[in-house]
Structure formats: C-alpha cells, structure tokens
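Peer 1: Sequence isn't available, so here's the structure alone:
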C-alpha cells in the first residue's frame, strides 16, 4: 500500500480538478513531499524510540495502521477545498499518513527480526526485502492502472474519480490490520526469538572451555 500511495499521490495532486485531482503545480507537490519527509525524519529521531519501547512491535504495527485507515478516506475530499485551506489540510494529511506509514514499516521489520532465531535474521531479512522488491514492481503498475480507471469514471455514482483508488488502498490497509491479530500474529512476536545451540554442541563447547 505504501508503494501504491507513493505512486498515486503525486499524480493525483497534479491532475486537473475536472477529474477530481487537485490541479497543483509540481513545485507545490514537491513542497508537500519535502515537509512530510522532514517531519518523518524528525519523528523517527525523537519520538519513535519511546513509542517502540512503550508499545512493543505488535502495537507499533497495529495502532498506526488503524489510525491510517480513516485518513486514506479523507484524501479525495481535499479536492473540494481551495486556497490556503486546501494547502494546510493536504500537508496535515500527507504528514500524518507518512509518519504513520513509516512507523508501520519499521514495526514490520522489528517483527521480522523477532520471528526468527538470531542466527537466521540475515536470511529472514533477505527474504523480506526480496518480497518488498517484488511489490515495488507490481505496486506502481497496479496503482497507476486503478488511478487511470478512476479518472475515466469521474461521473460515476459509486466511488467516482480518485475515490476509487483510495478505496482500493483502504481495502489493503484493512487486510493488513487483520494480520496483526491472533492467530496470524502471536503475542510471542513481541519478544526476540533467541538462538540456543543444540545440547550436544553446548556440551562440546563447555568441554573445550575446560
């Protein structure tokens, strides 16, 4: 969903108002991305460590995803605003969503590391990043296709224009939220899965130490 949003957001901002876009110049879009990017960096350096320590990896993943779900549904209605109000609301929504999304991604990496013994973390992270790379290929193409389809039906009665692509992303967010509950995600994932060598290896190491 993160990859799809990154693909769609800039296209939606520069699209004409006639097809439910914002009609913003590219310089304004760049400013919105710069403000949200700087805010994400500041948040990760100052606030996130305390949140991760207090909530634990599972809630770090679950709570921001739940908050992010209604935010996505608000984006299409920004096109009905104008001037300074539109600018402020767009920046607030983009900043909030990007911060929450970054927390979710970081929480998922924490859970990946907690789900395998310490001697297998390299393989687990390699597999995880391979899957991310795969979806970085599929995500933009799929999101772009849905976005184009939405713009071609901006007069529809159900999910017209940009509402369609944000609704599709909302479905994926809801599915992701469900995966943070049991039995799909056990509470034991909150703690690192330590590596204990087999008993024979431990006895051999003890003998060598003597």
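Peer 2: Yep, that arrived. Quick caveat, the model's predicted, so the values are computed rather than measured.

Peer 1: Which stretches in this protein count as helices?
Peer 2: Under the criterion DSSP state H, helices of the chain are mapped to 2-14, 26-46, 48-55, 57-74, 83-114, 121-152, 163-178, 199-209.

Peer 1: looking at the ones you listed, which has the lowest confidence?
Peer 2: The weakest mean pLDDT among those belongs to helix 199-209, with a mean of 51.

Peer 1: about what we covered before: let's have the helices of the chain in a markdown table, adding distance to residue 186.
Peer 2: Quick note: C-beta positions are derived from backbone N, CA and C, even for glycine. Output for those, formatted as a markdown table (distance: least, CB to CB, whole Å):
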| stretch | distance to residue 186 |
| --- | --- |
| helix 2-14 | 24 |
| helix 26-46 | 27 |
| helix 48-55 | 17 |
| helix 57-74 | 9 |
| helix 83-114 | 10 |
| helix 121-152 | 16 |
| helix 163-178 | 15 |
| helix 199-209 | 26 |
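
Peer 1: Tell me which of those sits nearest to residue 189.
Peer 2: Distances from residue 189 to each of the helices of the chain were compared by CB to CB, and the smallest falls on helix 83-114, at 5.1 Å.

Peer 1: what's the residue lying closest to residue 15 once chain neighbours are set aside in contact with, if anything?
Peer 2: Distances taken as CB to CB, 6 or more residues apart in numbering put residue 21 closest to residue 15, at 2.5 Å, once the chain neighbours are dropped. Taking CB atoms under 8 Å, 6 or more residues apart in numbering, we find residue 21 in contact with 11-15, 79, 151, 162.

Peer 1: where's residue 21 relative to residue 152, distance?
Peer 2: For residue 21, the distance to residue 152 under the criterion CB to CB, to the nearest Å works out to 13 Å.

Peer 1: Check whether residue 101 really touches residue 67, as I assumed.
Peer 2: No - in this structure, residue 101 is not within contact of residue 67 by CB atoms under 8 Å, at 10.5 Å.

Peer 1: ok, those two, which is more surrounded?
Peer 2: The neighbour count for residue 101 versus residue 67, taken as other CB atoms under 10 Å, is higher for residue 101 (21 against 15).

Peer 1: Tell me how far the nearest residue to that one once chain neighbours are set aside lies from residue 114.
Peer 2: Leaving aside its sequence neighbours, residue 101 sits nearest to residue 2 (CB to CB, 6+ apart; 5.2 Å). Residue 2 is 21 Å from residue 114, where distance means CB to CB.
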